[in-house]
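*Asks:* Sequence below, structure please.
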Amino acid sequence: MASVVISRSQLRQSIAVCAAAAFACVSLLAPAVAEAAHSARLSADLSDHLSVGSQSIRVIVHGTRAEIDALAARYNLHVAKYLQSGAVFLVNAGQLEAVRQDDSQDHLSGDIQIRSSVDAAAVESIGADQVWARSEKGRGQGRGISVAVIDSGMDTRHNALKGRVLVTRDFTGGDGLDHYGHGTHVAAIIAGQAGRTVDTRDYGGVAPGAYLLNLRVLGDDGSGSLSDVIEAIDWTIEHRREYNVRVINLSLGAPVLQPYRDDPLCEAVERAVRAGLVVVAAAGNYGRAADGREVYGAITSPANSPYAIAVGAIDTHDTAQRSDDTLATYSSKGPTRYDLIMKPDLAAPGSHIRSAEAVGSYLSTTYPARHVAGIGPNAVMQLSGTSMAAGAVSGAAALVLDARGSLTPRDTKAALQLTSTFLPSAGLVGAGAGMINVLAAVDLAENGEIPEATTIANEQIVASRIASTPVVKGAAGRSQRAAKIHFVKSGDASTVKSDRLVWDDSIIWGSSIIWGSSIIWGSSSDGDSIIWGSSIIWGSSIIWGSSADGDSIIWGSSIIWGSSIIWGSSSDGDSIIWGSSVDDDSIIWGYTVETDSPV
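*Replies:* Residues are numbered from 1 along each chain as shown. Predicted coordinates:
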C-alpha cells in the first residue's frame, strides 16, 4: 500500500477546504444515502482485498447456524469453519461484495493472523510475595480461582505446571502441547509452582494457588487464526462454571483494522466480560519503530476493547524497588486506533521475566542464550514482552478474586487500577494507571469500597487513575484543583462523547510533573477548549481538542488530526494516514502495525 506524502502548508490549507467540502457533501448527499443499497462495514484488510480483487479471502460473518447455511446457499459460499457466533467463509472478491450487500450482515471482518506478544514474574516488584506472607495457609495465592490461558499450549510435564492444569483443549487440531514455548512461559508467570531444584526454587508464579485451563490457539510458530481465538473465548464462557473460571489471559494480539464494536475478537471479549470473566490482554509490542522512533496509537486487538484490561510492559531493571521502573521501549502506547480510547489500562513487569521453559520448543531452541537455570522439567528461561506483563496481571487478578470472590470484572479492574503506582515518565498513553501493586489491590478488595465506574456509551469500564498532584493554571489562566479522577454514575449522558472517556467540567488531567508545563485535559468555560500537552512531550504546537470552528484539530507541529484525518510526518516520507476525508474505506496505517513483533 503506497504512503501519502504531503507538505505542511498543503495540510493546513486543505483542512478547512476538506471540512467545508465534507459538510457540503454530507448535506447534499443525505437523501441519496438514505435510499442507498445496504452495505456492511468492512475491516481495513477486507477493503484491501476488494480493491485488489483477491481470490482467496477468509471472512468472518455473524449469525445462527441456520442463518449461516442460508447465506452460504444464497451465494454458493464455502463454509471454512462454524463458530458459536457465526462462521468463517472462504470467498473471492466478488462473493465478498455480494455478502457485503446482504441485509443479514451489519459488518464483516477478516479472519486474520494473530500472534503472541513476546519480545524474545517479578513477584516481589508487584508485592505478590507480601500477599502470600500475611495470608492464612493456602489463602492469598489465588486458591480455587481458574485462569483460562489462550495461547500456544502448555508443556504440562513441566514441574511448574504439574497439578495446576484442569483441562486442555486444542483449537488448532493438535495435542495441546506447547511447541512454540510461549504459553508455558505465560502460564507459569500466572500460576507456576516454585522450582524443585536449588537453582530454580526462586522462580514461581504470581498466584501459585490458582488453576489453569490450557486452550491452544497458536501454532508452532506462535501464530494462529482470529477465529480460533474467538472459539476459545466462547468455549471458556460456556464452561466457566464447570471449572470456576474467573480470568481469561490473552497474551496475543492482531492489528486493529476496525472500531472495537465491529471487531469480532473484541465482541468475544465483551461477551466474556458480560458473563462475569475478567479479560486481560497484552497491549502489544509496537511502541518503537524499526528506526528507533517512538510510536503512539499502536495498541493491538483485543487490548483496544474497553472491556479488556490492556497491559503495558514495565522494565524493573531487575530490582524490587519501584524508583527505577521505566516503561519498556517496545510496549505499545495509546490511544487506540479508530475509537481513540485511552489505553493501556495499567502496566506490569514485562522485561527479562524468568519463567518455565518448554524444552525443545521453538523459543527454547532458537534462543538458547535465554536459558537461565534448570534442565528438563525444571528449566527456566527469560523472555520479554507485554505477554509476560499480561500474565502477571492475570495472576494479580486471581489474588484479588481470592481475597473477595464476589467482585465483578469491573470491580476487579478498578481495584487493580486505583491502587497502581502512576509512572509520570510513561504517562497515561504508556502505562495507564501505572504499575500494579497487588498488596494494595488486595487490601482494597478486602477492606475498601470500589467506586462506580465511568461510563462509555453505556458500557461500564474503569478510567485510568491520576495521582493527586498540583496542577498549573489552565489555558484560561484560572487555577485548577488537584487531578484526581472523578467517577460518575452510569447513564449520565453528559459523560458520553464520541465513544471515548469524557469527564465533567471540573476534571483536569495532568500537571507539570506528568505531561509537561501546561497540560490540561478538561473543559474550559466554553466547554470546547481541550488542551493536551506541551513542547516537552508531543511537539512544539500540540493541541488535541477543538478550536473555535470545531474542526481544526492539530496534534504536533506538522501533524494534523481533524477533518482530513492525517496522522504522520509531512517531510520524512514515512507519512501515516489514519482515516479519510472522503469515505470510510481508505484507511492506511503506516509502519506502526507492519513492524514485526520483536522476539
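
*Asks:* so Thr386 touches Ile314, yeah?
*Replies:* No - the pair Thr386 and Ile314 does not pass the contact test of C-beta atoms under 8 Å, sitting 10.0 Å apart. (Glycine included, C-beta is placed from N, CA and C.)

*Asks:* and the closest residue to Ala87 other than its chain neighbours, what helix or strand is that in?
*Replies:* Spatially, and ignoring its direct neighbours in sequence, Ala87 is nearest to Ile68 (4.4 Å; C-beta to C-beta, 6 or more residues apart in numbering). In this structure, Ile68 sits in helix 65-75 according to DSSP states H and E.

*Asks:* For the helix or strand just after that helix, which outside residues touch it?
*Replies:* Using DSSP H and E, the helix or strand that follows helix 65-75 in sequence is strand 78-83. With contacts defined as C-beta atoms under 8 Å, 6 or more residues apart in numbering, strand 78-83 is touched by 58, 60, 65, 68-69, 72, 87-91, 111, 227, 230-231, 234.

*Asks:* Farthest-apart pair in the residues you listed, please.
*Replies:* Spanning the widest gap among these are Val91 and Asp234, at 22.8 Å by C-beta to C-beta.

*Asks:* okay, those two: which has more neighbours?
*Replies:* Regarding Val91 and Asp234, a neighbour count based on other C-beta atoms under 10 Å identifies Val91 as having more, with 26 against 17.

*Asks:* so who does the more buried one touch?
*Replies:* With contact set as C-beta under 8 Å, 6+ apart, Val91 has these partners: 57, 59, 77-78, 99.

*Asks:* what's the answer for Ser361, then?
*Replies:* 155, 178-181, 184.

*Asks:* what's the answer for Asn244, then?
*Replies:* The contact partners of Asn244, by C-beta under 8 Å, 6+ apart, come to 144-146, 211.

*Asks:* How about Val186?
*Replies:* Contacts for Val186 (C-beta under 8 Å, 6+ apart) come out as 149, 151, 249, 251, 355, 387-388, 390-391.

*Asks:* Name the nearest of those relative to Ser406.
*Replies:* Nearest to Ser406, judged by C-beta to C-beta, of the contacts of Val186 is Asn249 at 21.5 Å.

*Asks:* For the nearest residue to that closest one once chain neighbours are set aside, what is the enclosing helix or strand?
*Replies:* With sequence-adjacent residues excluded and distances taken as C-beta to C-beta, 6+ apart, Asn249 is closest to Ser394, at 4.1 Å. Assessed by DSSP H and E, Ser394 sits inside helix 386-403.

*Asks:* Next, the buried residues of whatever helix or strand comes next after that helix.
*Replies:* Note on helix 386-403: by DSSP H and E, the next helix or strand toward the C-terminus is helix 409-418. Neighbour counts using 16 or more other C-beta atoms under 10 Å place 409-418 of helix 409-418 among the buried residues.

*Asks:* Then stretch 83-93?
*Replies:* Residues of stretch 83-93 classed as buried by neighbour count (16+ other C-beta under 10 Å): 83-89, 91, 93.

*Asks:* can you give me the strands for the stretch 351-500 of the chain?
*Replies:* 353-356, 371-373, 380-383, 455-456, 459-460, 496-497, 500-501 (DSSP state E, counting those that start in this stretch).

*Asks:* So which residues make contact with the first one?
*Replies:* The set of residues external to strand 353-356 that reach it, using C-beta under 8 Å, 6+ apart, is 121-122, 155, 158, 160-161, 184-189, 192, 203, 205, 372-373, 379-384, 388, 391-392.

*Asks:* on that earlier part again, of all the buried residues of helix 409-418, which comes closest to Arg293?
*Replies:* Gln417 (29.1 Å).

*Asks:* how much space between the closest residue in space to that closest one that isn't next to it in sequence and Lys162?
*Replies:* Residue nearest to Gln417 in three dimensions, not counting chain neighbours: Ala433, with 4.0 Å by C-beta to C-beta, 6+ apart. Distance of Ala433 to Lys162, computed by C-beta to C-beta, to the nearest Å: 35 Å.

*Asks:* more crowded one of these two?
*Replies:* The neighbour comparison of Ala433 against Lys162 (other C-beta under 10 Å) goes to Ala433, with 27 against 12.

*Asks:* quick one: that one and Asp345 touch, right?
*Replies:* Yes - at 6.4 Å, Ala433 and Asp345 qualify as touching, with contact defined as C-beta under 8 Å.

*Asks:* Would you list the phi and psi of Leu226?
*Replies:* The phi and psi values for Leu226, taken as degrees, to the nearest 10, are phi -60, psi -40.

*Asks:* Give me the distance between the two termini of stretch 74-91.
*Replies:* 13 Å (C-alpha to C-alpha, to the nearest Å).

*Asks:* Could you list which residues are in contact with Asp402?
*Replies:* Going by C-beta under 8 Å, 6+ apart, Asp402 touches 139-145, 207, 209-210.

*Asks:* What residues are bridge-paired with Leu383?
*Replies:* Per DSSP bridges, the residues bridged to Leu383 are Ile353.

*Asks:* Count residues in the vicinity of it, would you?
*Replies:* Neighbour count for Leu383, taken as other C-beta under 10 Å: 26.

*Asks:* what pLDDT does it get?
*Replies:* On pLDDT, Leu383 comes in at 94.

*Asks:* mind checking how far it is from Gly153?
*Replies:* Note on Leu383: its distance to Gly153, by C-beta to C-beta, is 16 Å.

*Asks:* And the lowest mean pLDDT element among the helices and strands of this protein?
*Replies:* strand 496-497 (a mean of 26; mean pLDDT, DSSP states H and E).

*Asks:* Show the contacting residues for Ser227.
*Replies:* With contact taken as C-beta under 8 Å, 6+ apart, Ser227 is in contact with 58, 60, 81, 83, 88, 111, 264.

*Asks:* what ranges do the helices span in the stretch 201-350 of the chain?
*Replies:* Taking DSSP state H, counting those that start in this stretch, the helices of the stretch 201-350 of the chain run over residues 226-238, 240-243, 264-274.

*Asks:* And the strands in the stretch 201-350 of the chain, which stretches?
*Replies:* Ranges of strands within the stretch 201-350 of the chain are 211-216, 223-225, 245-250, 252-253, 278-282, 309-315, 326-327, 346-349, based on DSSP E, counting those that start in this stretch.

*Asks:* Direction included, what does the first one pair against?
*Replies:* Read that as strand 211-216. Counting by DSSP bridges, strand 211-216 is paired with strand 146-151 (parallel), strand 165-170 (parallel).

*Asks:* now those strands in TSV, with distance to Val217 and mean neighbour count?
*Replies:* Shown next, in TSV, are the strands paired with strand 211-216 (distance: least, C-beta to C-beta, whole Å; neighbours: other C-beta atoms under 10 Å):
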stretch	distance to Val217	mean neighbour count
strand 146-151	6	29
strand 165-170	8	16
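
*Asks:* Those strands into JSON lines, with extra columns for mean pLDDT and distance to Tyr362?
*Replies:* Below are the strands paired with strand 211-216 laid out as JSON lines (pLDDT from 0 to 100; distance: least, C-beta to C-beta, whole Å):
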{"stretch": "strand 146-151", "mean pLDDT": "98", "distance to Tyr362": "13"}
{"stretch": "strand 165-170", "mean pLDDT": "98", "distance to Tyr362": "17"}
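
*Asks:* For Val279, which of those strands is the nearest?
*Replies:* strand 146-151 (9.5 Å).
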